[in-house]
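Trainee: generate coordinates for the sequence data below:
(2 chains)
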Amino acid sequence: MKTEEEFNRYYDVNLISKLRDLENERKKLLPRAMMFLLGIGGILICFFSLNVWAFIVAILINGTLGAVFLPRFFKLKKALKVKYKEEIIKEMVYFIDPSLSYNSTSFISQSDFENSKLFIKGIDRYEGDDLVVGNIGKTEVRFSELNAQYETTDKDGRSRYVSIFNGIFFIADFHKDFVGETIVLPDRAEKLFGKLGTIFQKMNVSRPDLVKLENPDFEKAFVVYGSDQVEARYILTPALMERIMDFQKKSGKIYLSFLHSKVYIAISLNKNLFEPPLFKSMLNYKLVEDYFKYLMLIVNIVEDLDLNTRIWSKN
Amino acid sequence: MWIGLIIFGCLILLFVIMFNSLVSRKNQVENAFASIDVYLKKRADQIPNLVNAVKGYMNHEKAMLAQITKLRTEAFDNKIGSNERVAVENKITDSMNKIMLAVEAYPDLKASDNFMQLQRSLNEVEEQLAASRRAFNASVTDYNNGVESFPMNIVALMIAYKRKNMFVIPMEFRGQTDERPKIKL
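Mentor: Below you'll find the predicted structure:
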């Protein structure tokens, strides 16, 4: 596995020259963006000054400028994004593990997402990007960014979309065979209501039976539902529970499910990763390093959860 | 008069709910115990395969192989009681470990596909066995909580339900926790 020092060297040798080119392109794009923003600002100032003529003139001028500059601005912005992903993110994925392949526009399918049974709310809008597919050691993995939402109407009858899940969705082949379903979710009820929370969890009809595990720290952090009590414990060995807790400390809020001999992991995030900066320099090492750390966090799941250990019947 | 009847009705209802809860917990324990038995049988089924795989190589350990075959027959004997059964199963675990240790001296055997596959199945069944014991312990804890906590303990006393004992996990299964607990002095 690659270390941060190795990445630092790789950045200096391979990435920095490409980032310089991209930075030049970003700078070309910037005046257009500034023009557009100034125009909007102009309209707003005229609007609040309550001068009808100034307002109309501002709209006409900005409308003409917008018609000329905007399509070009968006075209260039899109081109920059494609180039950034192809030249930087793709290269980074290859650097981390050459057996992994990257596609900037693909993502984990909605049926895979729904099959994980992690989120049971009906989806109205589903999008994603940055799909990575490949093998890490003996384990087949797939992950991408995802954003699933449902539609709702507020008090005034206006419809809006609310997030069901936003973050990274990871699927890997699990090292043991099993037939049932085991679902591990962040424990909110027990945190809020203590012992009473367990009673609510037992009554949850949309999930299989509650599985009470013997590790108190794990029980505090997660709630486990399973279709088979023995199988849930066969999957969640004391060692794996420790590993999941360690991983959660690094990654934040996580959801896991074990179905169809696979493990599904949803890592909740409140930002969009692997995107080029528009109003910051491309040569900002921190940003690229941040993307590298996220990639490593996900790729290391295989090691963190010990998925390459194949000492059971499944090869 | 009415108030008295309502209170009496509520008490009866409470009794029925607690009684049923205790019965379902007891059945859960029995069910969990039966699942341990399933995995013990599954493990016993692997013993002839193990003996066949290693007997061609192990000339000095013939007695060990004969003993495990004998233990398997004993475990399948319906006449033995549950305590004796536990003792026999523990002896089987012990003998299997000894055989696995002895295999280390035969690199050819250890590297053979047949043996490797067998070892995988054995690892699997041992881990399933450990999981079923943990499931049993969880259901016993649930049952004991019912039997001992107020007011369910009154119902338990009336129907003569007593505390049940948990399985003590043998040392080899504790090995599943690959991180040792940190002890602060």
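
Trainee: and the end-to-end length of stretch A:44-63?
Mentor: The first and last residues of stretch A:44-63 sit 13 Å apart, counting by CA to CA, to the nearest Å.

Trainee: quick one: distance of that stretch to the chain centre.
Mentor: When distances are taken as CA atoms, centre = their mean, to the nearest Å, stretch A:44-63 is centred 41 Å away from the chain's centroid.

Trainee: show the subsequent helix or strand relative to whatever helix or strand B:Asn20 lives in.
Mentor: For B:Asn20, the enclosing helix or strand under DSSP states H and E is helix B:2-55. Tracing the chain past helix B:2-55, the next element assigned as helix or strand by DSSP H and E is helix B:62-76.

Trainee: list the buried ones in that following helix?
Mentor: For helix B:62-76, the buried set under the neighbour-count rule, 16 or more other CB atoms under 10 Å in any protein chain shown, comprises B:64-65, B:67-68, B:71-72, B:74-75. Bear in mind the C-beta positions are built from the backbone N, C-alpha and C, glycine included.

Trainee: now the helices: where do they sit in chain A?
Mentor: Counting by DSSP state H, residue ranges of the helices within chain A are A:4-10, A:16-48, A:52-84, A:90-96, A:110-115, A:189-193, A:195-202, A:216-221, A:229-235, A:238-251, A:285-299, A:301-304.

Trainee: the residue of chain B at minimum distance from chain A: neighbouring residues, count only.
Mentor: Nearest to chain A, among the residues of chain B, is B:Ala131, at 3.7 Å (CB to the nearest CB). Other residues lying near B:Ala131 total 25 when counted by other CB atoms under 10 Å in any protein chain shown.

Trainee: ends of stretch B:100-120, what's the gap?
Mentor: Chord length of stretch B:100-120, first to last residue, is 12 Å (CA to CA).

Trainee: ok, now stretch B:53-68?
Mentor: Looking at stretch B:53-68, the gap from its leading to its trailing residue is 14 Å under the measure CA to CA.

Trainee: so which of the helices of chain A is the most packed in?
Mentor: helix A:229-235 (a mean of 25; mean count of other CB atoms under 10 Å in any protein chain shown).

Trainee: is any residue of that helix near chain B?
Mentor: Yes - judged by CB under 8 Å from any CB of the partner chain, helix A:229-235 comes into contact with chain B through A:229-234.

Trainee: of all these, which two lie farthest apart?
Mentor: The distance between the two most remote of those (CB to CB) is 9.8 Å, for A:Gln229 and A:Tyr234.

Trainee: which elements pack onto the helix holding B:Asn20?
Mentor: The contact analysis (3 or more CB pairs under 8 Å, 6 or more residues apart in numbering or on different chains; DSSP states H and E) places helix B:2-55 against helix A:229-235, helix B:62-76, helix B:82-103, helix B:113-148, helix B:152-158.

Trainee: okay, buried residues for the longest one please.
Mentor: Going back to what we said before, that points to helix B:113-148. Using 16+ other CB under 10 Å as the burial criterion, the residues of helix B:113-148 that qualify are B:115, B:118-122, B:124-144, B:146-147.

Trainee: just to revisit the earlier point, wait, doesn't the residue of chain B closest to chain A sit right on A:Leu240?
Mentor: No - at 11.3 Å, B:Ala131 and A:Leu240 do not qualify as touching, with contact defined as CB atoms under 8 Å.
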